[in-house]
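> my questions concern the predicted model and sequence given below.
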Amino acid sequence: MRLALMAVPAAFFALFFGYPVAAIVGRGLREGGRWQLGRAGEVLSDPDVLHVLWFTVWQAAASTGLTLLVALPGAYVFARFDFPGKQLLRALVTVPFVLPTVVVGSAFLALLGRGGALDEAFGLRLDTSVWAILLAHVFFNYAVVVRTVGGLWSQLDPRQEEAARVLGASRFAAWRKVTLRALAPSLAAAALMVFLFTFTSFGVVQVLGGPRYATLEVEIYRQTAGLLDLPTAAVLTLLQFAAVAVLLAVHAWSVRRRESALGLVDARHTARRPEGAGQWALLWSVLAVIAVLLVTPLAVLVERSLRTSDGGYGLAFYRALNTLDENGTFLVPPAEAIGNSLAYAAAATLIALLVGGLAAAALTRRAGRLVRGFDALLMLPLGTSAVTVGFGFLIALDEPPLDLRSSWILVPLAQALVGVPFVLRTMLPVLRAVDVRLREAAAVLGASPLRAWRTVELPLVRRALLVASGFAFAVSLGEFGATIFIARPDSPTLPVAVSRFLGRAGELNYGQAMALSTILMLVCAVTLLALERVRAGRAGEF
């Protein structure tokens, strides 16, 4: 039964992930039917490539440390404090995580770039600097720490720390020896995920880094799309793939340790109203950080989308989206990208639910290394070069029966690859929590496996299914790295349209980029707010 459930996800990933990646690597490293492995040594000894590799690791480590430093107080506040508007604020801090990276870059460009809010107010520009990249990464990954660490923190019994203090430990010693030790696996998991997302950063660095800074992902894009140097791109892809595989293996180990080592309590019993000046000061300082770091860039993005050339405000940039660009940036009015993105994301969500749901059902019962390896395989698209996948689609899926280059389904397939891991991580813990005796009782009463699923398990996991759908829709809507290669000129998506506008000079192009980014941000925000309303407790791992 388990193997039957794994068949569809395994076939999907073999055809639309493994095959395209292998095709582009093979195209780059094979010549005359022979592997040119010596090319790897040439690429890895290139000073420019070494500089890119060093910057990729350095900025990922710096972004991870800075994110933990800024977000851990927020994780504590959301875990231990109960205050008005907590659920709304929880949804708000998650919005940046599901935003397309190109929109995050646009928001910080409007805040920190030339003619941006800080430039106008203080004459300060941070675009094309490493600080803009680091701040944008903190903005993007704040929710990872708050949800991953805060979710576990809220379920730790505070009486354990109180008992340590009764036995003579100081407040800090009790926290370090009891709470911090319990949180260590969750901290490691959050740090690894932040490092993974920043290690493979593309849109943020592409928009904010300028020609001076490039990660491996940006360099793969430059070598592929700009220089058509497939051998170099193939070597860099394999290097990134190996690094991501190691990170995911360590992350899987930390998650298993977190699941098995702790006894948890209901999170509703651990949060209480802040008491004393110190706790209120902590709450207000966290709210101030959220306002400055998370809300301000989004507010500036909206403000720039409404600003007109005469210094006033209006909807001129939004109305311009309905007109065809005379410069040939698009073959259709840019506003059509909205409908395209919604349709593509809806199709990608259905694919992700089918593939991820079957995978979660197959992995419900813990097993040996084979199943754990299958779990890790499904997570690989989160860290593998989306640029490689997108270009691989063009190279590999060009012959019958998989000649899909002119088919609309190509974009949803690429988007579903990043949606499946979110469906899996949301559904799997909930499915594992379903009492197996309920399935057995239904079978004893004569129910078929399908009917038992429909009448017993589906009602129990309905909320988690809705949450998984929402996350898959949001991340599919914002997929950029692969879509930039395969979206047709007459059917652009919102992230691709934003990127094209930002790549052209002129106030109108900039304003329309801000307008499309605002629309995309609002769609993601509405999706997240809806998820918080249906979310029951801690549904899923994120």
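Happy to help now that I have it.

> and Arg307, its phi and psi?
The phi and psi values for Arg307, taken as degrees, to the nearest 10, are phi -70, psi 140.

> got the contact list for it?
Contacts for Arg307 were tallied using CB atoms under 8 Å, 6 or more residues apart in numbering; they are 313, 511. Heads up, the C-betas are built off the backbone N, CA and C, glycines and all.

> for stretch 472-490, buried residues please.
Neighbour-count burial for stretch 472-490, counted by 16 or more other CB atoms under 10 Å, picks out 472-488.

> narrow these to those in helices?
Judged by DSSP state H, the buried residues of stretch 472-490 include 472-477, 483-486 as members of helices.

> need the nearest residue in space to Ala361, chain neighbours excluded.
Here the nearest residue to Ala361 in space, its sequence neighbours aside, is Leu5; by CB to CB, 6 or more residues apart in numbering that works out to 5.1 Å.

> how much space separates Leu301 from Arg405?
34 Å (CB to CB, to the nearest Å).

> can you check Leu135 too?
39 Å.

> compare these two and say which is more crowded by neighbours.
Neighbour comparison, Leu135 and Arg405: the larger count goes to Leu135, with 22 against 15 (by other CB atoms under 10 Å).

> with just CA atoms, put the host helix or strand of Ala416 into CSV.
Per DSSP states H and E, Ala416 falls inside helix 410-433. In CSV, the C-alpha atoms belonging to helix 410-433 read as follows (Å, rounded to 0.1, in the frame of the first residue of the first chain):
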residue,chain,number,x,y,z
LEU,A,410,4.6,23.9,-18.0
VAL,A,411,4.4,26.9,-15.6
PRO,A,412,2.0,25.1,-13.0
LEU,A,413,4.3,22.1,-13.1
ALA,A,414,7.3,24.2,-12.1
GLN,A,415,5.3,26.0,-9.5
ALA,A,416,4.0,22.8,-8.0
LEU,A,417,7.5,21.6,-7.3
VAL,A,418,7.9,24.3,-4.6
GLY,A,419,4.3,23.8,-3.4
VAL,A,420,4.6,20.1,-2.7
PRO,A,421,7.1,20.5,0.3
PHE,A,422,4.7,22.9,2.0
VAL,A,423,1.8,20.5,1.5
LEU,A,424,3.9,17.6,2.9
ARG,A,425,5.2,19.5,5.9
THR,A,426,1.6,20.7,6.7
MET,A,427,-0.2,17.5,6.2
LEU,A,428,2.3,15.0,7.6
PRO,A,429,2.2,15.8,11.3
VAL,A,430,-1.6,16.0,11.3
LEU,A,431,-2.0,12.6,9.5
ARG,A,432,0.4,11.1,12.0
ALA,A,433,-1.7,12.3,14.9
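
> same for it, what does it pack against?
If contacts are counted by 3 or more CB pairs under 8 Å, 6 or more residues apart in numbering; DSSP states H and E, helix 410-433 sits against helix 2-13, helix 336-362, helix 369-379, helix 386-396, helix 458-477, helix 483-486.

> could the ones you listed be laid out in CSV, adding distance to Gly314 and mean pLDDT?
Supplementary listing: the helices and strands packed on helix 410-433 in CSV, determined by distance: least, CB to CB, whole Å; pLDDT from 0 to 100:
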stretch, distance to Gly314, mean pLDDT
helix 2-13, 46, 80
helix 336-362, 20, 89
helix 369-379, 45, 69
helix 386-396, 36, 81
helix 458-477, 27, 79
helix 483-486, 31, 81
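
> okay, those in JSON lines with distance to Leu428 next?
As requested, these are exported to JSON lines (distance: least, CB to CB, whole Å):
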{"stretch": "helix 2-13", "distance to Leu428": "12"}
{"stretch": "helix 336-362", "distance to Leu428": "5"}
{"stretch": "helix 369-379", "distance to Leu428": "8"}
{"stretch": "helix 386-396", "distance to Leu428": "23"}
{"stretch": "helix 458-477", "distance to Leu428": "9"}
{"stretch": "helix 483-486", "distance to Leu428": "27"}
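
> so which of the ones you listed is nearest Ala62?
With CB to CB as the criterion, Ala62 lies closest to helix 386-396 of the helices and strands packed on helix 410-433, at 22.6 Å.

> so which residues of the stretch 1-150 of the chain form helices?
Using DSSP state H, counting those that start in this stretch, the helices of the stretch 1-150 of the chain run over 2-13, 19-29, 38-44, 47-80, 86-98, 101-112, 117-122, 130-153.
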